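A.B. asks: I would like to see how this sequence folds:
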Amino acid sequence: MDARVAHQVPYFSQWETPDMTLAVVAEGAQVALLRDPLWASSGASSVEDYARWAGNLCGMACLKMVLAARTGKTVPLMDLAMGCKEHGGYVEEPDGRIKGLIYAPFVPFVRERFDLNARVVTGISAADIADILGQSEFFIASVHHSIRWSETEPPAKGGHLVLVTAIDGSRIRFHNPSGHVHATRENAEMSLEVFEKFFAGRGIAIDH
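C.D. replies: Below is the predicted model:
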């Protein structure tokens with residue numbers, strides 16, 4: 001594959017222990033992740049706080065990968081999430097539920113905090129991502145989380161974010177923060193036609 005992204009992009013899961021995806025699918029993040037032995041690496045103040053937030057941190061995992069590729073530095077997920085929350089990118093509901101990632105506030109957050117130029121992209125098809133990567137360095141794409149099982153028919157599109165790292169012709173490659181095995185996590189690859197099944201037609205482009 002002729003990657004449009006020249007450098008290697010480090011992979012990070014939205015869970016501190018990447019192999020916990022199937023447990024999260026079976027039990028829910030707020031139960032399964034209480035057993036994550038590496039939770040403290042997230043920067044959370046408690047394992048309960050980590051488990052409550054981690055299910056919403058696919059976008060922060062994508063940002064963590066971008067920052068690591070750009071700077072070589074690894075920023076804890078909860079540090080990113082709290083900064084994004086301050087800009088309105090996450091909203092905590094009175095009942096404890098977390099709303100987000102909200103795209104529009106993400107743009108000023110990454111500009112002010114990391115000097116990244118980001119823009120929200122909507123109303124596109126999977127085939128249009130090639131043009132976006134021709135202009136921008138990264139594309140964070142909204143897909144259904146069941147993309148880890150590419151042969152399935154998703155019940156909806158969107159709701160989960162993956163970092164597209166390369167596209168060439170009819171093939172797309174991406175890092176999935178909640179892939180369940182290595183092949184569906186790091187440099188997952190599929191046809192644009194299959195990706196389209198899961199793709200909501202929107203995302204966030206991060207420029208060079």
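A.B. asks: so where's this protein uncertain?
C.D. replies: 1-7 (pLDDT under 70).
A.B. asks: if we go to 80?
C.D. replies: For the chain, the stretches with pLDDT under 80 are 1-7, 208.
A.B. asks: For it, which segments count as strands?
C.D. replies: Secondary structure of the chain (DSSP state E): strands at 91-92, 98-99, 118-121, 136-143, 160-168, 171-175, 188-191, 199-207.
A.B. asks: my read: residue 44 touches residue 53, true?
C.D. replies: Yes - with contact defined as C-beta atoms under 8 Å, residue 44 counts as touching residue 53 (6.8 Å). The way it works is simple: take the backbone N, C-alpha and C, and place the C-beta from them, glycine included.
A.B. asks: Need the residues touching each of these two.
C.D. replies: residue 78 (C-beta atoms under 8 Å, 6 or more residues apart in numbering).
A.B. asks: so what's residue 28 closest to, chain neighbours aside?
C.D. replies: Counting by C-beta to C-beta, 6 or more residues apart in numbering, residue 28 lies nearest to residue 55, which is 7.7 Å off, once chain neighbours are set aside.
A.B. asks: got TSV for the strands of the chain, with mean neighbour count too?
C.D. replies: Shown next, in TSV, are the strands of the chain (neighbours: other C-beta atoms under 10 Å):
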stretch	mean neighbour count
strand 91-92	12
strand 98-99	14
strand 118-121	17
strand 136-143	25
strand 160-168	25
strand 171-175	22
strand 188-191	17
strand 199-207	20
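A.B. asks: Return the residue of this protein that is most distant from the centre.
C.D. replies: Distance to the chain centre peaks in the chain at residue 94, reaching 25.3 Å (criterion: C-alpha atoms, centre = their mean).
A.B. asks: List the residues that contact that one.
C.D. replies: In this structure, residue 94 makes contact with no residue, judged by C-beta under 8 Å, 6+ apart.
A.B. asks: Next one: the residue nearest to residue 25 when sequence neighbours are not counted from residue 186, what distance?
C.D. replies: Nearest in space to residue 25, with sequence neighbours left out and distances taken as C-beta to C-beta, 6+ apart, is residue 180 at 7.4 Å. Distance check for residue 180 against residue 186: by C-beta to C-beta, to the nearest Å, it reads 12 Å.
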